[in-house]
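Engineer: Just to be clear, the model below is a prediction. Sequence and coordinates:
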Amino acid sequence: MKKRITSININKTKKPKVEKDVEEFTAGDDCDEETALAEFANPVPWQKIEAEGFDCDYALLFPKEEADILFRKLEEEVEYATGKEAQVQVFGKVYNIPRKQATYGDAGLAYTYSGVKRFACPWTPTLEHIREATTKSTGQTFNFVLVNRYKDGLDHMGEHRDDEKELDPLCPIASLSFGAVRDFIFRHKDSRGKNSQQYIEPVKLELAHGSLLLMNPPTNTYWYHSLPIRKKVTTPRINLTFRRIVMRGKKCIT
DNA sequence: GGGAGTGCATAGTT
DNA sequence: AAACTATGCACTCC
């Protein structure tokens, strides 16, 4: 059997684990009525992906035509960080981030990683629309999104966990993909390095145009993820990771 | 065989 | 420990 990028332990399920039910429609909610009804008429088929300490749900949330439109709108609307805001400091050295990045969210929120603090810009119409669609299909609410744009297969992101303290550890992270299909790799923390005691098979996924990957706890506790270089990819990909940031005192407030 | 692409470990630093 | 790079080595696939 050929070893391709495949996911392991995939079972088809109707829905991810949802605590709250999908939000109800109010009579006066005309703006997104059509979308909401369409999603209700055609519930998204989810794939459950599980491994040791690993729990994700994957679905094609937007059909191609709609995903194409959203991609185009994102290209128009999203403004990415430049200059110093596009740099990160690791091991005392300053690097240009090998991708473009932007942060949007509710007023006053900020997100810190690797010593860089980024304040949320106000939601754009498209980001707001995608956020609502994500909430409707997952039953989860989000107050922040990190936008990463990979202009081609050389843009990438190194292995890391989303273990920032200001993230609500019980809230899943929803990762939406638009544009070029890219490989997405998970590796268990106890299976890294030469002297790791156990070998745990990495989980390798292809994140498709219009797809939603819901990363449920405790996935982020045990698994690193990365978006590796793919030299044959020549077109851009935009990734949105919706999160819930916990407000703690003044820390996240301007 | 050999180059391209990839996977994976290591080192570096405050 | 580190959302980075660079390097070396092993491996697979044309």
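Structural biologist: Right, received. Where do you want to start?
Engineer: How confident is the prediction for the nearest residue to A:A67 once chain neighbours are set aside, by pLDDT?
Structural biologist: In this structure, A:A67 finds its nearest non-sequential neighbour in A:G210, 3.2 Å apart by CB to CB, 6 or more residues apart in numbering. For glycine as for every other residue, the C-beta is placed from the backbone atoms N, C-alpha and C. Here the pLDDT value assigned to A:G210 is 98.
Engineer: Pick out the residue of chain A closest to DNA strand C.
Structural biologist: A:G158 (1.9 Å; CB to the nearest atom of the strand).
Engineer: ok, what's across the strand from the nearest residue to that residue once chain neighbours are set aside?
Structural biologist: Nearest residue to A:G158, sequence neighbours excluded (CB to CB, 6+ apart): A:S226, at 5.8 Å. Listed by DSSP bridges, the beta-bridge partners for A:S226 are A:I185.
Engineer: And the pLDDT for A:S226?
Structural biologist: pLDDT, A:S226: 97.
Engineer: Also the one 5 residues further on?
Structural biologist: Predicted confidence (pLDDT) at A:K231: the value is 97.
Engineer: need the contact list for it.
Structural biologist: A:K231 sits next to A:153-154 when contact means CB atoms under 8 Å, 6 or more residues apart in numbering.
Engineer: what do you get for the one 4 residues further on?
Structural biologist: Contacts for A:T235 (CB under 8 Å, 6+ apart) come out as A:152, A:179-180.
Engineer: Among those residues, name the ones in strands.
Structural biologist: Members of the contacts of A:T235 lying in strands (criterion: DSSP state E): A:G179.
Engineer: Which of the contacts of A:T235 has the largest number of neighbours?
Structural biologist: A:G179 (23 neighbours; other CB atoms under 10 Å).
Engineer: For it, list each beta-bridge partner.
Structural biologist: A:G179 has these beta-bridge partners by DSSP bridges: A:R237.
Engineer: I'd say it and A:I238 touch.
Structural biologist: Yes: using CB atoms under 8 Å, A:G179 is in contact with A:I238, at 5.4 Å.
Engineer: any common contacting residues for those two?
Structural biologist: With CB under 8 Å, 6+ apart, A:G179 and A:I238 have common neighbours A:F71.
Engineer: Shouldn't A:T241 be within a strand?
Structural biologist: Yes: under DSSP: H, G, I helix; E, B strand; the rest coil, A:T241 sits within a strand.
Engineer: Quick check: the residue nearest to A:A67 vs A:Y58, distance?
Structural biologist: 12 Å (CB to CB, to the nearest Å).
Engineer: These two: who's more crowded?
Structural biologist: With neighbours defined as other CB under 10 Å, A:G210 and A:Y58 compare such that A:Y58 has more, 24 against 21.
Engineer: residue contacts, the more buried one?
Structural biologist: By CB under 8 Å, 6+ apart, A:Y58 lies in contact with A:7, A:46-47, A:49, A:205, A:211-214.
Engineer: quick one: which helix or strand includes it?
Structural biologist: strand A:54-60 (DSSP states H and E).
Engineer: Name every strand pairing with that strand and say which way it goes.
Structural biologist: With DSSP bridges as the test, strand A:54-60 is paired with strand A:46-51 (antiparallel), strand A:211-215 (antiparallel).
Engineer: Thank you, goodbye.
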